[in-house]
Every structure is written in structure tokens, then in C-alpha cells.
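*Asks:* okay, predicted coordinates and the sequence, questions at the end:
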Amino acid sequence: MSFSSALASAKQILDEADAITVMTGAGISAESGVPTFRGTGGLWKGKDPMTLATPEAFFADPDFVWEWYDHRRAELSRCAPNAAHHALVQLEEQTADFTLATQNVDGLHRAAGSRRIVHLHGDIFTVRCTDCGNERVDRTHGWSGPPHCARCGGLERPGVVWFGEALPEGSLEAVGEAVGRCDAFLIIGTSGLVWPAAGFAGLARRLGRPVILVNLEPTEQSSLATVELYGRAGEILPRLISG
Ligand code: BV8
Ligand code: ZN
């Protein structure tokens, strides 16, 4: 199928859909300047993020892991949503039943104006006390050591889901129900390697829902796609989702 006919068929699927579920990954934020998780920009002081984004790494050396998150928050403070994020806001406005599930912790979907978002892996601008669980928004950056809870003095951690940790209460159910209702499932900018988020494409396929995959290159989930669109999300989405 040529790109233009794939685009036309994906557009038709979305135009005819009353209920749409979207799953995004780090690739949708790449054009905003946010390094993808497995891309070249990944290493932090020679360490692989996969080894840092774990409770074991954090509790073994809170300062080192917090410095990585502080560095990412500082970088993110200079990043803005791109055309792909804005196209999804438009899609939400024109779709009766819309759910945006994101693996991203960068806050760019909310910044763009998306509302019906399920943050499967938490949010880098939320911090949570490891003792009393008190949670607060913290958009500051500038390294001065790990933050501590104003309520109990406990060590605070980034409000993200690390490898080996359960996803936020109810988030998997919410996305599973949305996929169960959807007329179309749109996957954007994810390598499809991280579970259980990666499982929703297979669920949509098993339920016989059209799966549209938008990515820079083929992924683990390409075989599940009804329509595959390869290229930059910032270029494809505005063409896919025009008014
Ligand atoms: C859990 C937050 C259980 C932190 C992240 C089977 C079932 C269940 C679990 C597992 C399982 N198998 C293995 C596991 C364990 C593990 C896992 O999946 N490991 C993998 C690596 C094998 N999963 C977990 O541990 C999960 N927890 O299962 O808990 C449990 C249950 C009950 C009780 C206790 C425990 C938790 C996973 C969450 C980890 N946290 N992030 C942080 O960010 O610091 S994951 C991290 O990876 C980010 O969130 C990121 O979004 C996510 C996924 O990566 P992608 O988004 O796909 O990014 P990636 O770089 O890989 O790909 C980007 C793509 O974009 C590329 O394809 C690229 O080509 C494309 N691209 C680039 N530029 C563009 C583009 N596309 C379009 N346009 C462009 N311009
Ligand atoms: Zn506390």
C-alpha cells in the first residue's frame, strides 16, 4: 500500500469512528526535543536509563537517580508540545468518546490541551513521599539534593512508574475498557517493548478493531496494524487529523 493510500484509509477509519483510543510513547515528543527512551540520547553519565528507572537504583543511590530526573525536568522546561500533540487535541475535540493513553511522563499532552489522558507511567512533575505517600506537583529544577516531605520529612521520589512497579490504580482497566469500546486504535511513537502498555495493540486486534500505527520505523507491533504510516509524527498527524 502506498503512503498516500495508507493515509487515505487511516483518515477514513478515523472519520467514521465515534470512539477512538490513542496510545503514545516517547516518539511523539521527539520533535519537541525530548530524547526517546531507547534512542541515542538515552545514557545518563554512562548509565542506561533502564537500569536507573527502578526502585532498586533509586533506594541504592537517591542522589544519583534524582539528579537524572532533575536533569530531565530542566530539559523538559525548555520543551513545548509539537504539531503531533496539537493534532491529538483536535482529534479529542471532534470525537465523542476519546481516550489518550500515554506512556510518557513529560506532561506535553496536558500542556497541549489534551484532557482525557491516562498517564500509564506517571508524571515527572509529580513527587511522592516514600514514607507517608503525600503527593504534590513540583515543576522546579536545579540540583540541591533529594527533596523531603513537608508533612513528615520523608524522602520524596519522582511520581513515575519504575520498572517492576505496578501501573497507577485503575489505569489499565480504564484503557482496557476504552479499547473495548473503540472503533479505532491509534498507536503513535512507541517501540512497543514496554509491558503491560504494549499489550493494548494485541487486545484491539483480537477485538477486531482497526489499528493505525504511526512511527518513524517498523516496531514490534507493526504486524498488528491494519494501516502502517512511517515517518515523523509531527508531519503525519496534522495530515491524518485535519478538521
Ligand atoms: C509492571 C517511567 C508488574 C520512568 C517507564 C510482561 C507483562 C508485564 C510486565 C512485564 C512483562 N514483560 C516484562 C515486564 C517488565 C517491564 C517491561 O515491560 N520490561 C520491558 C523493557 C521488557 N514492565 C514493567 O516493569 C512495568 N511494570 O509490569 O509491573 C507488577 C504488577 C503488580 C505489582 C507489581 C509489579 C512498568 C513499566 C513502566 C516503566 N517506566 N517510564 C521514566 O520515564 O523515567 S517506561 C519508559 O519506556 C517510558 O515511559 C517510555 O515511554 C516507555 C516506552 O518506551 P517508548 O515510549 O516506546 O519509547 P522508545 O524510545 O522505546 O520508542 C520510541 C519510538 O518512537 C521508536 O520506535 C522510534 O522509532 C519512534 N520515534 C522516534 N522519533 C519519532 C518516532 N516516531 C514518530 N515520530 C518521531 N519523530
Ligand atoms: Zn511524608
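*Replies:* Structure's in. What do you need? Ligands and ions are numbered 1, 2, ... in the order given.
*Asks:* so for the helix or strand of the chain at the bottom of the mean pLDDT ranking, what gets flagged as buried?
*Replies:* Each helix and strand of the chain was given a mean pLDDT (mean pLDDT, DSSP states H and E); the minimum falls on helix 49-52 at a mean of 88. By neighbour count with 16 or more other C-beta atoms under 10 Å, helix 49-52 contains the buried residues Pro49, Leu52. Any C-beta I mention is one placed from the backbone N, CA and C, and that applies to glycine too.
*Asks:* can you tell me if the longest strand that the chain contains touches ligand 2.
*Replies:* The longest strand of the chain (DSSP state E) is strand 122-129. Yes. Judged by C-beta under 5 Å from the ion, strand 122-129 comes into contact with ligand 2 at Cys129.
*Asks:* quick check: next helix or strand after that strand?
*Replies:* As assigned by DSSP states H and E, the chain's next helix or strand after strand 122-129 is strand 135-137.
*Asks:* and for that next one, what's in contact with it?
*Replies:* Phe125, Thr126, Val127, Arg128, Cys129, Gly159 (C-beta atoms under 8 Å, 6 or more residues apart in numbering).
*Asks:* tell me what the fourth one is bridged to.
*Replies:* Note on Arg128: beta-bridge partners by DSSP bridges are Glu135, Arg157.
*Asks:* report the separation between Tyr230 and Thr219.
*Replies:* 10 Å (C-beta to C-beta, to the nearest Å).
*Asks:* Asp48 now?
*Replies:* Using C-beta to C-beta, Asp48 is found at 20 Å from Thr219.
*Asks:* out of these two, which sits in the busier spot?
*Replies:* Comparing Asp48 with Thr219 by other C-beta atoms under 10 Å, the one with more neighbours is Thr219, at 23 against 11.
*Asks:* got a pLDDT number for the more buried one?
*Replies:* In this model, Thr219 is scored at 97, pLDDT.
*Asks:* can you pull the pLDDT of the closest residue to it other than its chain neighbours?
*Replies:* The shortest distance from Thr219 to any non-neighbouring residue, by C-beta to C-beta, 6 or more residues apart in numbering, is to Gly192 (4.7 Å). As summarised for this prediction, Gly192 has a pLDDT of 96.
*Asks:* related to what we said a few turns ago, so, in contact with ligand 1 or not, the helix or strand just after the least confident helix or strand of the chain?
*Replies:* Per DSSP H and E, helix 49-52 leads on to helix 55-60 as the next helix or strand towards the C-terminus. No. Using C-beta under 6 Å from any ligand atom, we find that helix 55-60 stays clear of ligand 1, coming within 10.2 Å at best.
*Asks:* what about the host helix or strand of Leu88, distance to the chain center?
*Replies:* Assessed by DSSP H and E, Leu88 sits inside helix 83-93. Centroid separation between helix 83-93 and its chain, computed with C-alpha atoms, centre = their mean, to the nearest Å, is 14 Å.
*Asks:* that one - contacts with which helices or strands?
*Replies:* On a contact count with 3 or more C-beta pairs under 8 Å, 6 or more residues apart in numbering; DSSP states H and E, helix 83-93 meets strand 19-24, strand 97-102, helix 108-112, helix 233-240.
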